[in-house]
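Asker: the sequence and its predicted three-dimensional model are supplied below.
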Amino acid sequence: MNGLAHLLRPTFSYVITSGTTSTVGARTTPIGVVALRINATADVWVSIGPNPTATATGSMLIQGGDPAEILKANAGDQVAVLQVTATGTVSVTEMSR
């Protein structure tokens, strides 16, 4: 989905240090699919789903300082974040066309 980043615009953002975001997609999509731009200031494990738990073994690693990731989620999903070691923040931005 990263090739579509230039076609998308931010519509709503969350900034969290750990835990879970609110439900995504209610404001951005009538079709049930959401693009999320996720970037972090420190390494974090990220999990997306209806009731996610971020863990070091079953989640995606997003490294602090790397370019933002564009990921697909379904409307109603949440984003869970677990910091690896350093304290930082994670920006989760809902994107739409």
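Answerer: It's in.

Asker: CA only for contacts and neighbour counts going forward, please
Answerer: Will do.

Asker: show me which positions of stretch 85-97 end up buried.
Answerer: Within stretch 85-97, the residues scored as buried using 16 or more other Cα atoms under 10 Å are 88-96.

Asker: what mean pLDDT does it have?
Answerer: Stretch 85-97 carries an average pLDDT of 81.

Asker: how far off centre is it?
Answerer: 6 Å (Cα atoms, centre = their mean, to the nearest Å).

Asker: hey, C-alpha coordinates of that stretch in PDB?
Answerer: Extracted in PDB, the C-alpha atoms of stretch 85-97 (Å, rounded to 0.1, in the frame of the first residue of the first chain):
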ATOM      1  CA  THR A  85      12.900  -0.200  25.100                       C
ATOM      2  CA  ALA A  86      13.100   3.500  24.700                       C
ATOM      3  CA  THR A  87      10.300   5.900  25.500                       C
ATOM      4  CA  GLY A  88       8.800   7.500  22.400                       C
ATOM      5  CA  THR A  89       5.600   8.300  20.700                       C
ATOM      6  CA  VAL A  90       3.600   6.700  17.800                       C
ATOM      7  CA  SER A  91       1.600   8.700  15.400                       C
ATOM      8  CA  VAL A  92      -1.300   6.800  13.800                       C
ATOM      9  CA  THR A  93      -3.000   8.800  11.100                       C
ATOM     10  CA  GLU A  94      -6.200   7.700   9.300                       C
ATOM     11  CA  MET A  95      -5.800   8.400   5.500                       C
ATOM     12  CA  SER A  96      -8.400   8.800   2.800                       C
ATOM     13  CA  ARG A  97      -8.600   9.900  -0.800                       C
END
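
Asker: thinking residue 95 is in contact with residue 37, fair?
Answerer: Yes - in this structure, residue 95 is within contact of residue 37 by Cα atoms under 8 Å, at 6.9 Å.

Asker: hmm, back to that, quick one: which of the buried residues of stretch 85-97 sit in strands?
Answerer: Among the buried residues of stretch 85-97, the members found in strands (DSSP state E) are 90-96.

Asker: SS state for residue 66?
Answerer: coil (DSSP: H, G, I helix; E, B strand; the rest coil).
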